[in-house]
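> Turn this into a model:
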Amino acid sequence: MPHGAALRTPPWTRADLLGLVPLLLILRAGPATTSSAAVALWRHGGGGGTAKVGDYGCYHAQSADRTATVRCSGMGLTQVPPGLPNRTVALYLDRNHISSLPANSFYTMTLLTELDLSHNQLSVLEPGCFRGLSSSLRFLDLSSNWLSTLDPSALGGLRAHANLTHNPWHCDCKLQVSMPQLDLDPSSLAEVVCHSSDLPDMGAVGMPFVLLAEDWDLCLSLRRTTDVAMLVTMFLWFSMVISYLVYYVRHNQEDARRHMDYLKSLPSGPV
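As a prediction, the model looks like this:
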């Protein structure tokens, strides 16, 4: 460099400026809120702070092994965004307006280990909504939603450490069958509370589900209803059989009587 020549900073491109956004956010937030995901976002972002996921802009951090952490928190989403990377291992969809999970919502994300759906408006988990995650998912956060029931067919064999607190649960047989499939945090069991129940007269409303399930078999009433329906069906079937037998015997008796009357009317001597 010639003597006296001024040092010149290379021109900043738009991509460079965008790449500084997550770093500035990290520095502004301070070390208390800096997470490993945010650091990974800067280190592996390739100069880009955000990655487009379908039509939604979500923070997308890619690690050295090409797995991804996707954060779509607080974006006002009403559904799971399409086009999520197949190699996503952690997906944060918390603080949105998602009200239902249709079947196969995460079917292609076979590496997903952590799924945060807390603080949404979830009231419906359709059968098969977690299909494809039974062998990979290790943590599931469904807290602070509008869930009242948990169908075993929705879990699809899912076994994960789950947070189900702060939902208006209806404590019934479905919930009792589904709960053992999940590894609930013992410290949060007291906050999984029955807002309604199939046993309202037993003081179940307002009781933690774990205490209710210890003392009552919530499937018992269902089994009793099934047993009663079966008994009624058997009684009706038996009544139909008896009625048919009575009709058959009476009909044959009338035929036999007519036949005997006909035989009696025949001449008895030689003509």
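> Tell me if I am right that Val210 is in a helix.
Yes: checked against DSSP: H, G, I helix; E, B strand; the rest coil, Val210 lies within a helix.
> ok, it to Val193 distance?
Distance, Val210 to Val193, using CB to CB, to the nearest Å: 10 Å. Using the backbone N, CA and C atoms, a C-beta is placed for each residue, glycine as well.
> Who has more neighbours out of those two?
Val193 (20 against 14; other CB atoms under 10 Å).
> which ones are touching that one?
Applying CB atoms under 8 Å, 6 or more residues apart in numbering, we find Val193 in contact with Trp169, Gly206, Met207, Pro208, Phe209.
> Flag whichever of those scores worst on pLDDT.
Minimum pLDDT for the contacts of Val193 is recorded at Phe209 (76).
> how many neighbours does that one have?
Count around Phe209 with other CB under 10 Å applied: 23.
> Now for the chain, the helix or strand with the poorest mean pLDDT.
helix 36-43 (a mean of 37; mean pLDDT, DSSP states H and E).
> how about low-confidence regions in the stretch 1-150 of the chain?
Along the stretch 1-150 of the chain, the parts satisfying pLDDT under 70 run over 1-56.
> Quote the end-to-end distance of stretch 141-156.
16 Å (CA to CA, to the nearest Å).
> Next up, the contacts around Ser148.
Ser123, Asn167, Pro168, Trp169, His170, His195, Ser196.
> Report the separation between the residue lying closest to the first one once chain neighbours are set aside and Gly74.
To tie it back to what came earlier, the one meant is Ser123. Nearest non-adjacent residue to Ser123, counting by CB to CB, 6 or more residues apart in numbering: Trp146, 4.2 Å away. Applying CB to CB, the value for Trp146 to Gly74 is 18 Å.
> any idea where the strands of the chain begin and end?
Using DSSP state E, the strands of the chain run over 51-53, 56-62, 68-71, 88-92, 100-101, 114-116, 124-125, 139-141, 161-163, 169-171, 183-184, 194-197.
> And the fifth one, what does it pack against?
Contacts of strand 100-101 with other secondary structure elements, assessed using 3 or more CB pairs under 8 Å, 6 or more residues apart in numbering; DSSP states H and E, are made with strand 124-125.
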